[in-house]
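Visitor: only geometry, no sequence info:
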């Protein structure tokens, strides 16, 4: 079992260098040696060493000076000072100058093993820390959300504006449009980002379990409740509570949820103790909550409590200009993950993607690209690698009137029959648009 | 020739050693013999430390290998290498020579009742471990494997005198490659 850490031993005594290098090589480390500070600095310039053991008494530059120079070159390198003469002053000085530890020769085998093991853990933790920081940065960055269409830029602008407030947000959009990603972007740009985003997939949990999932329960609250358990409201204290598929919760749960949202106070199932929790709520839905209110399926008071800020994510078919960017982004990610040489998307394949309906939205595009990379050959995704089922057929209208009628209808649908926005998009005034609607007897699709 | 030669160097338990030989033969799949060669260790004594320099002894054992593939010096004397306060044994990765001391393996040293059986078990583990290094094996992290690094006898008692499957197959590979 090889350790990948590399160690440099700096000591003027050959026997010490030999003994230590053999000792560390048996442990699987990459080991190099230097007999003085000058040689050590030369080696450090050419190679990366994770740990450097430095004898304090060296000919020419002493160990303390070498330690300072190593730290100037590479702050994160671990330096362990060795000496045959224990001296508190020099030990303190070495530690002040950034040395990791200090050992007296000869040392117990156990002592050196422990020091190196601790140093290895330190290096490992540093690495993990850096990698986690990078991952957090990528989550925090709203710019990391791919898209340059006006529609997605509007969404991102809304995210920026709303993120650092504590306002409740409803994110609506078809399945696969990336509602959870937008919720994460809001959370990670808020002051609550150092706490987790607690997610509840309301649609995936049976109603009787959802209550206990959200509120938690006390021991003995119901059969099988052997232990008390925290609910998501409690877990989200200081954080963000993301309620996915909010439209699926029952009327009874809607009442209970409304009460908690108003007071931020609740009791666990089967308990009397009242808990207080400070959380921000973000909801997601793929249904139109307003029409659910109209039809009596969703409580109006809860709707208004939740609907402080509303963000609608347009389906992919409404932002065709993002398809190329997203597809190329997924190619990069999956080719790297799968260690494949795929780099490009062929012209015909890209045209087919841009003409595809994408009923499954970004998620479907992602899956298509992943599959194409798995089965494809060479560095380019070809049309044959894409199993596209809903490619838009070429329009078969013959007259200009027919074409105009369909175009106006599609624009009206796109802007949810908002006349002002549709007229602006069509480049006509509102009166003209009304007359066209009347002329072609256009109606809003149910 | 596939032969391991054990050279007792001021080692009192030669009878114990004779019992251990078949175990070593089994572990390494090689004939293991006890040599009658002699080496005076007086020059390797360091009066400041009251210990014997293992690195220097290993250098002197090198010419004594003869036709044997590996040579192991076995002593009751207390060994050191310059940077460490003591060692149980010493070998260089892929080297021809290994050295083991029984000095710190005896319970009597720690004020406990002597236990010849336990001493013999520890000695086997130490010898197999150092010879493993001489064949090119590095320290192993698999609990119980004889190649786990140990710095106390208590730790040594926790491991077996056998290689884990991974070290065993690595040993087979190294032997075939040599």
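Guide: On my side now, so go ahead. This is a predicted model, so every value here is computed, not measured. Numbering: from 1, shown residues only, chains lettered A, B, ... in the order given.
Visitor: And residue B:176, how far from chain A?
Guide: From residue B:176 across to chain A, the span is 20 Å (C-beta to the nearest C-beta, to the nearest Å). All C-beta atoms are positioned from the backbone trio N, CA, C, and that covers glycine.
Visitor: quick one: secondary structure of that residue?
Guide: helix (DSSP: H, G, I helix; E, B strand; the rest coil).
Visitor: so how many other residues sit close to it?
Guide: Neighbour count for residue B:176, taken as other C-beta atoms under 10 Å in any protein chain shown: 7.
Visitor: Show the pLDDT at it.
Guide: Residue B:176 carries a pLDDT value of 90.
Visitor: and what of residue A:402?
Guide: At residue A:402, the pLDDT recorded in the model is 79.
Visitor: Distance check, the nearest residue to residue A:175 once chain neighbours are set aside against residue A:293.
Guide: Nearest residue to residue A:175 in three dimensions, chain neighbours excluded: residue A:286, at 5.2 Å (C-beta to C-beta, 6 or more residues apart in numbering or on different chains). Relative to residue A:293, residue A:286 is positioned 16 Å away (C-beta to C-beta, to the nearest Å).
Visitor: Leaving out the residues flanking it, which one is nearest to the residue nearest to the spatial centre of chain B?
Guide: In chain B, the residue lying closest to the centroid (C-alpha atoms, centre = their mean) is residue B:127, at 3.0 Å. Nearest residue to residue B:127, sequence neighbours excluded (C-beta to C-beta, 6+ apart): residue B:100, at 5.2 Å.
Visitor: What parts of chain B come near chain A?
Guide: Contact residues (C-beta under 8 Å from any C-beta of the partner chain) of chain B with chain A: B:49, B:55, B:80-87, B:90, B:92-93, B:133, B:138-142, B:149, B:151-152, B:166.
Visitor: you'd agree the residue nearest to residue A:175 is up against residue A:170?
Guide: No. Assessed by C-beta atoms under 8 Å, residue A:286 is found out of contact with residue A:170, at 11.6 Å.
Visitor: Looking at the two, which is more packed in?
Guide: residue A:170 (21 against 18).
Visitor: Who are the packing partners of the host helix or strand of that one?
Guide: According to DSSP states H and E, residue A:170 maps onto strand A:169-172. If you count contacts as 3 or more C-beta pairs under 8 Å, 6 or more residues apart in numbering or on different chains; DSSP states H and E, strand A:169-172 packs onto helix A:179-188, strand A:280-285, strand A:309-312.
Visitor: What helices and strands are in contact with the longest helix seen in chain B?
Guide: If you go by DSSP state H, chain B has its longest helix at helix B:116-134. In terms of contacts (3+ C-beta pairs under 8 Å, 6+ apart), helix B:116-134 is packed against helix B:14-28, strand B:70-75, strand B:89-91, strand B:97-101, helix B:153-158.
Visitor: Let's see that with 10 Å instead.
Guide: When contacts are defined as 3 or more C-beta pairs under 10 Å, 6 or more residues apart in numbering or on different chains; DSSP states H and E, helix B:116-134 packs onto helix A:14-26, strand B:3-8, helix B:14-28, strand B:70-75, strand B:89-91, strand B:97-101, helix B:153-158, helix B:165-177.
Visitor: Please name whichever of the ones you listed is nearest to residue A:249.
Guide: Closest approach to residue A:249 among the helices and strands packed on helix B:116-134 is made by helix B:165-177 (53.0 Å; C-beta to C-beta).
Visitor: on that earlier part again, let me know how buried the residue nearest to residue B:127 is, in neighbour terms.
Guide: 29.
Visitor: Name the residues of chain A found near chain B, please.
Guide: A:1-3, A:9, A:11, A:13-29, A:53, A:55, A:82, A:84, A:103-114 (C-beta under 10 Å from any C-beta of the partner chain).
Visitor: now those: which count as buried?
Guide: Buried by 16 or more other C-beta atoms under 10 Å in any protein chain shown: A:3, A:9, A:11, A:16-29, A:53, A:55, A:82, A:103-107, A:109, A:111-113, out of the residues of chain A next to chain B.
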